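Asks: missing the sequence, but the structure's below:
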């Protein structure tokens with residue numbers, strides 16, 4: 001098995017059977033469900049894996065521990081892709097002590113009605129557990145992104161077991177850039193809980209961390225400042241990259257034309273990055289990711305049934321649900337007889353914090369005309385200030 005340190009082993013699995021993670025996120029490169037073992041005077045298993053990989057995971061434990069019975073199984077997160085095998089584990093190792101917090105055990109009862117746990121260890125924030133050489137400390141991380149979540153810090157090898165934090169989409173046997181799929185994962189799944197992530201990052205800052213072991217994605221060892229810095233930016237709703245994201249929906253191509261014309265104008269003015277997406281045809285989670293990545297957003301959409309086009313409505317709801325804030329937004333609206341999109345869009349963001357609206361709104365009636373081109377130029381100039 002893959003050794004992380006002399007005593008810590010990776011016993012997770014890769015899933016290439018999955019098409020949608022959490023029933024909604026496209027994962028063309030699969031998913032990794034990570035689990036770990038510390039082999040010391042006493043042994044500890046960290047979390048389980050998805051229920052489709054029970055036998056492989058239990059075999060991985062045996063490969064590391066041989067005929068030793070794990071002393072502890074530490075449950076950091078009760079989402080089923082990490083907890084599904086608690087019952088099967090206890091059928092094989094009934095004497096193992098299950099370690100969790102009060103909320104963990106409440107959720108175990110919910111998921112596994114009637115499950116008998118012979119040995120429980122309910123821990124509190126900051127409490128310690130000794131395995132011999134390895135000293136573990138429990139760091140609670142409520143609502144990152146479930147209420148029972150906790151991290152575990154091994155002060156001996158300076159390893160932080162970080163539950164879903166610092167995770168990403170993608171199996172571990174596929175080479176790909178970390179930030180792109182980690183960003184999509186973060187804003188899709190954790191993004192609403194920036195305040196809670198900030199709180200746990202402050203706790204982590206007090207620890208000497210040399211390795212991060214998340215429940216998805218690769219073990220992080222080098223340049224941890226890069227990963228921690230991105231998480232700080234994402235969770236504080238800061239701007240990661242200078243640039244502008246244009247998100248549009250278009251029925252007959254006229255709103256698309258306006259969005260593409262704005263992109264051309266911005267690039268001609270020297271904008272460092274202009275990203276653009278047709279929300280009806282491109283991955284919605286990637287569009288949400290780009291809206292958070294850049295400091296400025298342009299929404300271009302049609303009026304539709306006295307509302308806005310459904311894909312745009314979905315997009316804005318995804319943003320506001322995740323506490324979208326600290327951004328400048330411009331609007332291109334289209335409506336053949338009663339353009340209402342700008343009014344509707346602004347109303348959808350009325351509870352969002354620190355949103356600055358551009359003075360210029362492009363208002364099209366059916367097709368792009370000379371007056372609209374002038375408005376698009378004015379909007380581009382305003383966005384470039």
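Replies: Arrived safely, thanks for sending. The model shown is predicted, which means the values in this text are computed figures rather than measured ones.
Asks: for the closest residue to residue 20 other than its chain neighbours, what are its contacts?
Replies: Distances taken as CB to CB, 6 or more residues apart in numbering place residue 26 nearest to residue 20, at 6.4 Å, with adjacent residues excluded. All C-beta spots, glycine's among them, are computed from the backbone N, C-alpha and C. By CB atoms under 8 Å, 6 or more residues apart in numbering, the contact set of residue 26 is 19, 20, 283, 285.
Asks: Kindly write the ChimeraX command that selects the buried subset of those residues.
Replies: This is the ChimeraX syntax for the buried subset of the contacts of residue 26, where burial follows 16 or more other CB atoms under 10 Å:
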select :285
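Asks: quick one: least confident helix or strand in the chain?
Replies: Least confident helix or strand, the chain: strand 307-308 with a mean of 88, by mean pLDDT, DSSP states H and E.
Asks: That strand packs against which elements?
Replies: Packed against strand 307-308 by the contact rule (3 or more CB pairs under 8 Å, 6 or more residues apart in numbering; DSSP states H and E) you find helix 341-348.
Asks: Check residue 1 and give its pLDDT.
Replies: Here the pLDDT value assigned to residue 1 is 64.
Asks: wait, doesn't residue 39 sit right on residue 64?
Replies: Yes: under the criterion of CB atoms under 8 Å, residue 39 makes contact with residue 64 at 6.4 Å.
Asks: and for those two, which residues touch both?
Replies: What both residue 39 and residue 64 touch, as defined by CB under 8 Å, 6+ apart, is the set residue 9.
Asks: Take the contacts of residue 26 and write them to CSV, including pLDDT and distance to residue 71.
Replies: Below are these laid out as CSV (pLDDT from 0 to 100; distance: CB to CB, whole Å):
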residue, pLDDT, distance to residue 71
19, 92, 38
20, 95, 37
283, 94, 44
285, 95, 40
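Asks: Show me where the stretch 201-350 of the chain has its strands.
Replies: 211-213, 241-248, 274-278, 294-304, 307-308, 327-334 (DSSP state E, counting those that start in this stretch).
Asks: strand partners of the second one, parallel vs antiparallel please.
Replies: Strands adjacent to strand 241-248 in the sheet, as given by DSSP bridges, are strand 274-278 (parallel), strand 294-304 (parallel).
Asks: Give me the contacts around that strand.
Replies: Contacts to strand 241-248, defined as CB under 8 Å, 6+ apart, come from residues 255-256, 258-259, 262-263, 266, 271-279, 287, 290-291, 293-301, 312, 315, 332, 383.
Asks: Could you tell me which of those count as buried?
Replies: Buried members of those, counted by 16+ other CB under 10 Å: 255-256, 258-259, 262-263, 266, 271, 274-279, 287, 290-291, 293-301, 312, 315, 332, 383.
Asks: Low-confidence ranges, the chain, go.
Replies: 1 (pLDDT under 70).
Asks: Show me it divided up by domain.
Replies: With domains defined by automatic domain parsing, the chain comprises 2-235, 243-383.
Asks: measure residue 171 to residue 314 for me?
Replies: As for residue 171, its distance to residue 314 is 28 Å (criterion: CB to CB, to the nearest Å).
Asks: Of the two, which one has the most company?
Replies: residue 171 (20 against 16; other CB atoms under 10 Å).
Asks: I figured residue 8 hits residue 159, correct?
Replies: Yes: here residue 8 reaches residue 159: they are 6.4 Å apart, a contact under CB under 8 Å.
Asks: Pull up the overlap in contacts between these two.
Replies: residue 213.
Asks: Just the element for the closest residue to residue 112 other than its chain neighbours, please.
Replies: Once flanking residues are discounted, residue 112 sits nearest to residue 87: 5.2 Å by CB to CB, 6+ apart. Using DSSP states H and E, residue 87 maps to helix 86-92.
Asks: Centre-most residue in the protein?
Replies: For the chain, residue 186 is the residue whose C-alpha lies nearest the centre (CA atoms, centre = their mean; 1.7 Å).
Asks: hang on, that residue in a strand?
Replies: No: per DSSP: H, G, I helix; E, B strand; the rest coil, residue 186 lies outside any strand segment and is helix.
Asks: still on that earlier bit, just how off-centre is the helix holding residue 87 within its chain?
Replies: 29 Å (CA atoms, centre = their mean, to the nearest Å).
Asks: Okay, now the sheet partners of the following helix or strand past that helix, with direction.
Replies: Sequence order places strand 97-100 as the next helix or strand after helix 86-92, per DSSP H and E. Partners of strand 97-100 in the sheet, by DSSP bridges, are strand 72-74 (parallel), strand 119-122 (parallel).
Asks: next structured bit after the first one?
Replies: Scanning forward in sequence from strand 72-74 by DSSP H and E, the next helix or strand is helix 80-83.
Asks: quick one: contacts of that following helix?
Replies: The contact list for helix 80-83, computed with CB under 8 Å, 6+ apart, reads 31, 33, 35, 47-51, 75-77, 107-108, 111, 215.
Asks: List only buried entries from those residues.
Replies: Using 16+ other CB under 10 Å, the buried members of the contacts of helix 80-83 are 31, 33, 35, 47-50, 75-77, 107-108, 215.
Asks: okay, among those residues, which ones form the most distant pair?
Replies: 31 and 108 (22.9 Å; CB to CB).
Asks: in the chain, which spans are helices?
Replies: Remark: helices assigned in the chain by DSSP state H are 54-65, 80-83, 86-92, 102-111, 178-185, 194-205, 224-235, 254-268, 284-293, 310-321, 341-348, 370-383.
Asks: Let me know which of these is the nearest to residue 121.
Replies: helix 102-111 (10.1 Å).
Asks: Flag every buried residue along that closest one.
Replies: So helix 102-111, judged by 16+ other CB under 10 Å, has buried residues 103, 104, 105, 107, 108.
Asks: Please identify which of those residues is nearest to residue 166.
Replies: Using CB to CB, the buried residues of helix 102-111 come closest to residue 166 at residue 104, 20.4 Å.
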